[in-house]
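Visitor: no sequence for this one, just the structure:
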C-alpha cells in the first residue's frame, strides 16, 4: 500500500473519529517504507485508523485475514467509508492482529479445527488457547505470517502479550519479512522496543494534523530513557507530588 486518501470527509463533524485533531486538514498519508509505526496517546486514533485500513483491505475487523469470517460485537467506526487505499499492486494477502479481540480469534480457529482438522499447522501445532498469551502471539507471527506473494500485516499493540525478549523476537520476524521484499507492516504500538526498529517510518498521532516523528523524539523513548537513567528521582517526584 502506497497511500491513504481521505475522501468525502464530514465537515464540522462532532462524531468520533471525524472530530479527532489528528485527522483535521489531512488530505492523505503516504507510506514510504516497508515498516510503519503509529504512536500516540490512548484515544488519539491509532487503532481506529488501523481498523479502517484492515476493513478496506478486506480483512476481518476483529482480526484475521480476508478468509476469517466471524463477529462477536459491532464496535468498529465508519472511518473506512471515508478513506481510499492506493495500491501498486493491490495486496489481498496478509493479517490483521487486534490484541483486544485475539481471544475471539483463537476461539474461531478452534471452531474451524473441529470442522476440518489441520493439526493447527499455521499456529505452532496446537490451539492458541493451549498456549500462553505471549506464546500464542509468537506462534502466529512465526507460523501464520508465511506464504508467497506480497502481504500486508496490520498489528494493533502486539506488545500487549509479549515480554521484552519476545518483542525482540518479533523484530527479527519483521526484519526477515522485510528482507524478502514481499511484506509491508503497519503497527500501532506503545513499545519503545518495537519503535526502535531500524529505518521504520513513525507517524505521531498526538499532533494536528498527523506528522512524522523521529524515534528519539517520541515520548515513549524519552520517558523510558529518563526512567532507566533516573528511576529513583522520577518515582520520588511522582509519589511526593501530592504532598
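Guide: That came in fine, so what should we check first? What you see is a predicted model, and the numbers here were worked out from it, not measured in a lab.
Visitor: Show me what the helix or strand of the chain with the lowest mean pLDDT is packed against.
Guide: When each helix and strand of the chain is scored by mean pLDDT, DSSP states H and E, helix 102-115 comes last, with a mean of 77. Helices and strands touching helix 102-115, as assessed by 3 or more Cβ pairs under 8 Å, 6 or more residues apart in numbering; DSSP states H and E, comprise helix 133-139. (Glycine included, C-beta is placed from N, CA and C.)
Visitor: Who are the packing partners of the helix it packs on?
Guide: helix 102-115, helix 164-180.
Visitor: These into JSON lines, with extra columns for mean neighbour count and distance to residue 130?
Guide: JSON lines is the format used below for the helices and strands packed on helix 133-139 (neighbours: other Cβ atoms under 10 Å; distance: least, Cβ to Cβ, whole Å):
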{"stretch": "helix 102-115", "mean neighbour count": "16", "distance to residue 130": "9"}
{"stretch": "helix 164-180", "mean neighbour count": "15", "distance to residue 130": "18"}
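Visitor: Could you dump those helices into CSV and include distance to residue 40?
Guide: Converted to CSV, the helices and strands packed on helix 133-139 look like this (distance: least, Cβ to Cβ, whole Å):
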stretch, distance to residue 40
helix 102-115, 22
helix 164-180, 19
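Visitor: quick one: which of these is nearest residue 121?
Guide: Of all the helices and strands packed on helix 133-139, the one in closest proximity to residue 121, counting by Cβ to Cβ, is helix 102-115 (10.1 Å).
Visitor: List the contacts of that closest one.
Guide: For helix 102-115, contacts defined as Cβ atoms under 8 Å, 6 or more residues apart in numbering pick out 62-64, 68, 70, 72, 98, 120, 123, 127-129, 133, 136-137, 161.
Visitor: ditto for stretch 207-218
Guide: Taking Cβ under 8 Å, 6+ apart as the rule, stretch 207-218 contacts 21-26, 29, 39, 192, 195-196, 200-204, 221-222.
Visitor: in that stretch, what counts as buried?
Guide: Neighbour-count burial for stretch 207-218 flags 210, 213, 215, 218 (criterion: 16 or more other Cβ atoms under 10 Å).
Visitor: per-residue confidence averaged over it?
Guide: Regarding stretch 207-218, the rounded mean pLDDT is 96.
Visitor: Next: stretch 3-15.
Guide: Rounded mean pLDDT across stretch 3-15 is 83.
Visitor: How far off centre is the least confident helix or strand of the chain?
Guide: Its chain's average C-alpha position is 21 Å from that of helix 102-115, according to Cα atoms, centre = their mean, to the nearest Å.
Visitor: The contacts of helix 102-115: which two are farthest apart?
Guide: Among the contacts of helix 102-115, 72 and 120 lie farthest apart (Cβ to Cβ), at 21.1 Å.
Visitor: Let me know the secondary structure of the closest residue to residue 13 other than its chain neighbours.
Guide: Nearest non-adjacent residue to residue 13, counting by Cβ to Cβ, 6 or more residues apart in numbering: residue 19, 6.0 Å away. Using DSSP: H, G, I helix; E, B strand; the rest coil, the secondary structure recorded for residue 19 is coil.
Visitor: which stretches of the chain form strands?
Guide: 3-6, 28-30, 35-39, 83-86, 93-98, 151-156, 183-188, 201-204, 211-212 (DSSP state E).
Visitor: got a list of contacts for the third one?
Guide: Looking back up the chat, that one is strand 35-39. With Cβ under 8 Å, 6+ apart, strand 35-39 has contacts from 46, 49-50, 174, 178, 184-190, 194-195, 197, 199-206, 213, 218-220.
Visitor: Just the pLDDT at the nearest residue to residue 168 once chain neighbours are set aside, thanks.
Guide: Nearest non-adjacent residue to residue 168, counting by Cβ to Cβ, 6+ apart: residue 193, 6.7 Å away. On pLDDT, residue 193 comes in at 97.
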